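Chemist: 3D, please:
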Amino acid sequence: MEGIQIYELKRMDLRGATVIDGFPSVGLVSSIVANYLINALNLTQIGIMDSVYFPTVALVRDGQPMNPVRIYAGPKMDDRDQIVVFISEFQPPPNLIKGIAATVLDWAQDARCNLLVCPEGLIVDAREDEAERQVEVYGIGSTDKTMDMIRKNNITVFEEGVITGVAGVLLNEGRKRDFDVITLLSEAHPDYPDARAAARAIEVIDKLLLHTELDARPLYEEAERIEQQLKNIHHQTEVAKKPSEPARPSMYG
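Modeler: Now for the predicted structure:
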């Protein structure tokens, strides 16, 4: 798309690398996964994606200004898959999604990366008790090779439904260009950052990346912390509602 560019801040040999799409989606699953991988694997920022259409903000972390869309990568190592992560702090508006997806894929092909993985949230009903919730992860691939990978790793195939946003377009583009794209759909709550859904996605990514050990435990702990916060907020709102309710009948005499 016109007006979306990738600027490389650091040259790195990325042939054969796996690219992770971290554009925000349902339950912020992709964002949580992307942040986790950057920290757990100690990845270095190698580039930014920029556009006149992007939000006019600078994020500041540890005294450093940062672009809203950044690219991180790790070095080539004999005993580990090389990972590249695109991470975004903003949800792309619909008119930019196709352009962003095409730019990501162009860049991945130019860099001779060999797989693109999109961890996504799949909306689930919020009534189940959180602590008991078993999160299912579904997979769908753009090529026969990726569908084989999904089946070999015993990932449930996503048979029917709609995949929106950057992940959906990347899947279509991958099919069109015969480039390997896998979308992982982790059941997630749409109303808050779902760390448990992200942890399940991490476990499945760990299966797909044979030589990279990923520990999802910190995310499960994070999930419990977020859930506790939400329960407290819910409790406080209930308490706040109560005092005024008994007064109501007296108004009518």
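Chemist: any low-confidence regions in the chain?
Modeler: Residue ranges of the chain with pLDDT under 70: 1-2, 126-133, 210, 230, 241-253.
Chemist: quick one: the helices in it, in order.
Modeler: Under the criterion DSSP state H, the chain contains helices at 29-40, 94-110, 144-152, 165-177, 195-208, 217-241, 248-251.
Chemist: and the third one with helix 165-177, angle?
Modeler: If I follow you right, that is helix 144-152. Helix 144-152 and helix 165-177 are oriented at 120 degrees to each other (axes from the mean of the first three to the mean of the last three CA atoms, to 10 degrees).
Chemist: number the chain from 237, please
Modeler: Sure, I'll start numbering at 237, so the last one becomes helix 380-388.
Chemist: show me what helix 380-388 is packed up against.
Modeler: Applying 3 or more CB pairs under 8 Å, 6 or more residues apart in numbering; DSSP states H and E, one finds that helix 380-388 contacts strand 373-377, strand 392-393, strand 417-424. Every residue, glycine included, has its C-beta placed from N, CA and C.
Chemist: list the contacts of that helix.
Modeler: Leu351, Gly375, Ile376, Gly377, Val393, Gly410, Asp416, Val417, Ile418, Leu444 (CB atoms under 8 Å, 6 or more residues apart in numbering).
Chemist: what's the angle from that helix to helix 431-444?
Modeler: Using the same axes, to 10 degrees: helix 380-388 against helix 431-444 is 110 degrees.
Chemist: now the first one
Modeler: Interaxial angle, helix 265-276 versus helix 431-444 (the same axes, to 10 degrees): 60 degrees.
Chemist: helices or strands up against helix 265-276?
Modeler: Here helix 265-276 touches strand 254-258, strand 319-324, strand 351-359, helix 431-444, helix 453-477, going by 3+ CB pairs under 8 Å, 6+ apart.
Chemist: if you set the cut-off to 7 Å instead, what comes out?
Modeler: Applying 3 or more CB pairs under 7 Å, 6 or more residues apart in numbering; DSSP states H and E, one finds that helix 265-276 contacts strand 254-258, strand 319-324, strand 351-359, helix 431-444.
Chemist: now the angle between strand 254-258 and it, please.
Modeler: Angle, helix 265-276 to strand 254-258, by the same axes, to 10 degrees: 130 degrees.
Chemist: neighbours around Tyr272, how many?
Modeler: 25 (other CB atoms under 10 Å).
Chemist: which residues sit in contact with it?
Modeler: When contacts are counted by CB atoms under 7 Å, 6 or more residues apart in numbering, Tyr272 touches Ala434, Ile438, Leu455.
Chemist: surely the last one and Ala431 touch.
Modeler: Yes. Using CB atoms under 7 Å as the test, Leu455 is close enough to Ala431 to be in contact (5.0 Å).
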